[in-house]
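just the structure for this:
(one chain, ligands or ions: 1)
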Amino acid sequence: MSKPSRWVYAPGPVIVGAGPSGLAVAACLKEKGIPTVVIERYSCVASLWKLKTYNRLRLHLPKQFCELPLMGFPSEYPTYPTKDQFIAYVEEYAKKFDIRPHFNETVSRAEYDQNLGFWHVKTIGLMAEETEYVCRWVVVATGENAEAVVPEIEGMREFVGDIRHTSLYKSGEDYKGKKVLVVGCGNSGMEVCLDLCNYNAKPSLVVKDKVHVLPQEMLGTSTFGLSMFLLKWLPTRMVDRFLLIMSRLALGDTTRFGLYRPLLGPLEHKNLLGKTPVLDFGTLAKIKSGDVKICGSIKRLKHYTAEFVDGSTEKFDAIILATGYKSNVPSWLKERDFFSEEDGFPRGTFQNGWIGERGLYAVGFAKRGILGASMEAKSVAEDIGRCWEAQAEHDPISFARPLSDAIRQWNEN
Ligand SMILES: Cc1cc2nc3c(=O)[nH]c(=O)nc-3n(C[C@H](O)[C@H](O)[C@H](O)COP(=O)(O)OP(=O)(O)OC[C@H]3O[C@@H](n4cnc5c(N)ncnc54)[C@H](O)[C@@H]3O)c2cc1C
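Numbering: from 1, shown residues only. Take a look at the predicted model:
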């Protein structure tokens, strides 16, 4: 590593990311009296929700499945809180546990020093100033959605209209009366289509893969909650069969509208391939009525035109890429055992995917939303708590003291 302008010794863990996952770990550790340093590249907590989501967004799952540890949602919040309510809740959470992230610092490198037995976490600030944190534990909480995935489509640079990823889409207001091609039929793509319809735009949806669309609610309760309940008593395949029957009754045969279902049921598909089923918030009705048109894959773009693989062509004013996100961990974490270099996710399963070697942890990568992240945050805090206590017992003056003195001297010189 090149020489940083400042070194900081962190007696407790360094947590990378001040989203719901990072804050949840910090809060659980705070309860145990363990100090943390939380590092965040943007100037706010919950930056994904604040800076990169559309205005009409609400929690997709009922609030009881999206709570962070140790603090519930305000009782007056609706079942599906709005984006602003969720952000207010997360901000209040940080305030309650007095979590003060180091904002505007991007972690550019984290590496374990075998000789010293410490992690070195290097950050770059807004003025390119570098800081190196030295610590025993690193918690990776940079999220499954750290960077937008922007596919390379032939002729993209020739397309004259606006092309943007959903992370930059705010509302259909800017698209009134326009023909918009939405690429990708996950939850975001489907919801953006609905939003565009509500603002009298004319969306077409590119559906490349097979997809499970489920109603948001079944039998008067959330589909997610019902599935979780049934899974306590029944095997996944049986619950899947139930979900498919109920979806057929509520939504009809989606293949008639060009939305083909995968062979595996929705939960099995999610478990094996990590693909979340799409919850219908009203887009399907718009597809049925013809307000949203379904298209196949794009072959190439040109001027204002998209040419599709079936040979058809159509003019569009704008393109919105609902093509998802990816982890950015491989770009900064110099560790290849725990995290996969290919997708930037821990290699383990939900049961063991949160704990690595040498004081390395991950929270929020299990594709189980905020509920999964909260469970992992508790496990991480328990584990670090045990190490912290053991260290205090066997080494009360802490062997890190000389290191922290050396760093102080370094900074002073
Ligand atoms: C549109 C949308 C709707 C969703 N709805 C739901 C829902 O209803 N329920 C649910 O459970 N989940 C939902 N999710 C899933 C989502 O992943 C979680 O809501 C949640 O934000 C994940 O929290 P996180 O802290 O793991 O990640 P994030 O919220 O992404 O936070 C990670 C933080 O790390 C920071 N960071 C990244 N890299 C660095 C770096 N190198 N250095 C410093 N900081 C860095 C980021 O800036 C960010 O603030 C939704 C996601 C999206 C995109």
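
how many neighbours does the nearest residue to residue 204 once chain neighbours are set aside have?
Ranked by CB to CB, 6 or more residues apart in numbering and with sequence neighbours excluded, the top spatial neighbour of residue 204 is residue 293, at 4.3 Å. Where C-beta positions appear, they are placed from N, C-alpha and C, glycine not excepted. By other CB atoms under 10 Å, the residues close to residue 293 number 17.

might one say that residue 73 is in contact with residue 80?
No. Checked against CB atoms under 8 Å, the pair residue 73 and residue 80 is beyond contact range at 10.8 Å.

check contacts around the residue nearest to residue 204.
203, 204, 205 (CB atoms under 8 Å, 6 or more residues apart in numbering).

got the residues of this structure near the ligand?
16-22, 39-42, 47-48, 53, 57, 59-61, 66, 106-107, 141-146, 188, 328, 332, 364, 369-371, 373 (CB under 6 Å from any ligand atom).

tell me which of the residues you listed fall in helices.
20, 21, 22, 47, 48, 188, 369, 370, 371, 373 (DSSP state H).

quick one: the closest residue to the third one other than its chain neighbours from residue 19, how far?
Closest residue to residue 22 in three dimensions, ignoring its sequence neighbours and counting by CB to CB, 6+ apart: residue 141, at 3.5 Å. Note on residue 141: its distance to residue 19, by CB to CB, to the nearest Å, is 6 Å.

now the common contact residues for the two.
With CB under 8 Å, 6+ apart as the test, residue 141 and residue 19 both reach residue 364.

please enumerate the strands of the stretch 101-250 of the chain.
106-113, 118-124, 130-135, 138-140, 147-148, 162-165, 179-183, 202-206, 213-215, 217-218, 221-222 (DSSP state E, counting those that start in this stretch).

so for residue 384, which of the ones you listed sits nearest?
Smallest distance to residue 384 across those (CB to CB): 8.0 Å, for strand 138-140.

who does the closest one touch, helix- and strand-wise?
strand 14-16, strand 360-362 (3 or more CB pairs under 8 Å, 6 or more residues apart in numbering; DSSP states H and E).

out of the ones you listed, which is the most enclosed?
strand 14-16 (a mean of 29; mean count of other CB atoms under 10 Å).

distance between it and the chain's centre?
16 Å (CA atoms, centre = their mean, to the nearest Å).

strands paired with it, and their directions?
According to DSSP bridges, strand 14-16 forms sheet pairs with strand 37-39 (parallel), strand 138-140 (parallel).

quick one: mean pLDDT over the first one.
Strand 37-39 comes out with an average pLDDT of 98.

contacts for it, please.
8, 10, 12-18, 22-23, 26, 99-102, 105, 107, 121, 123, 133, 135.

in contact with the residue of the stretch 51-200 of the chain found nearest the ligand, which residues?
Closest contact between the stretch 51-200 of the chain and the ligand, by CB to the nearest ligand atom, is at residue 143 (2.7 Å). Contacts for residue 143 (CB under 8 Å, 6+ apart) come out as 17, 19, 21, 48, 327, 364, 365.

give me the pLDDT for it.
According to the model, residue 143 scores 97 on pLDDT.

next: residue 3.
Looking at residue 3, the pLDDT reads 59.

and residue 148, by the same measure?
pLDDT at residue 148 comes out at 98.

again, but for residue 408
Confidence score, pLDDT, at residue 408: 66.

quick one on the thing from earlier: so what sits against both of residue 73 and residue 80?
With CB under 8 Å, 6+ apart as the test, residue 73 and residue 80 both reach residue 63.

got CSV for the ones in helices among the residues of the chain next to the ligand, with pLDDT, neighbour count and distance to residue 269 too?
Output for these, formatted as CSV (pLDDT from 0 to 100; neighbours: other CB atoms under 10 Å; distance: CB to CB, whole Å):
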residue, pLDDT, neighbour count, distance to residue 269
20, 98, 27, 25
21, 98, 28, 24
22, 98, 30, 29
47, 98, 18, 30
48, 98, 17, 24
188, 96, 24, 18
369, 93, 18, 16
370, 96, 22, 21
371, 94, 17, 19
373, 97, 28, 21
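
related to what we said a few turns ago, comparing the strands paired with strand 14-16, which comes out most buried?
strand 138-140 comes out most buried of the strands paired with strand 14-16 by mean count of other CB under 10 Å, with a mean of 29.

for the closest residue to the ligand within the stretch 1-150 of the chain, which residues are in contact?
Nearest residue of the stretch 1-150 of the chain to the ligand: residue 19, at 2.0 Å (CB to the nearest ligand atom). Residues counted as contacts of residue 19 (CB under 8 Å, 6+ apart) are 45, 46, 47, 48, 141, 142, 143, 364.

what of residue 210?
260, 261, 262.

was I right to think the last one contacts residue 272?
If I follow you right, that is residue 262. No. The criterion here is CB under 8 Å, and residue 262 misses it with residue 272 at 10.0 Å.

more neighbours: the two, which one.
Relative neighbour count places residue 262 above the other of residue 262 and residue 272, with 15 against 10, counting by other CB under 10 Å.

quick one: what helix or strand has the residue nearest to residue 35 when sequence neighbours are not counted in it?
Computed as CB to CB, 6+ apart, the closest residue to residue 35 that is not its neighbour in sequence is residue 12, at 4.2 Å. Using DSSP states H and E, no element contains residue 12; it sits outside every helix and strand.

how many other residues sit next to residue 11?
Neighbours of residue 11 (other CB under 10 Å): 16.

contacts only, for the closest residue to it other than its chain neighbours.
Closest residue to residue 11 apart from its sequence neighbours, by CB to CB, 6+ apart: residue 35 at 6.1 Å. Contacts for residue 35 (CB under 8 Å, 6+ apart) come out as 10, 11, 12, 29.

kindly provide the distance from residue 35 to residue 159.
51 Å.

with residue 391 instead?
57 Å.

who has more neighbours out of those two?
Comparing residue 391 with residue 159 by other CB under 10 Å, the one with more neighbours is residue 159, at 20 against 15.

so the more buried one touches residue 303, yeah?
Yes. Judged on CB under 8 Å, residue 159 makes contact with residue 303 at a distance of 7.0 Å.

fine by me, we can end here.
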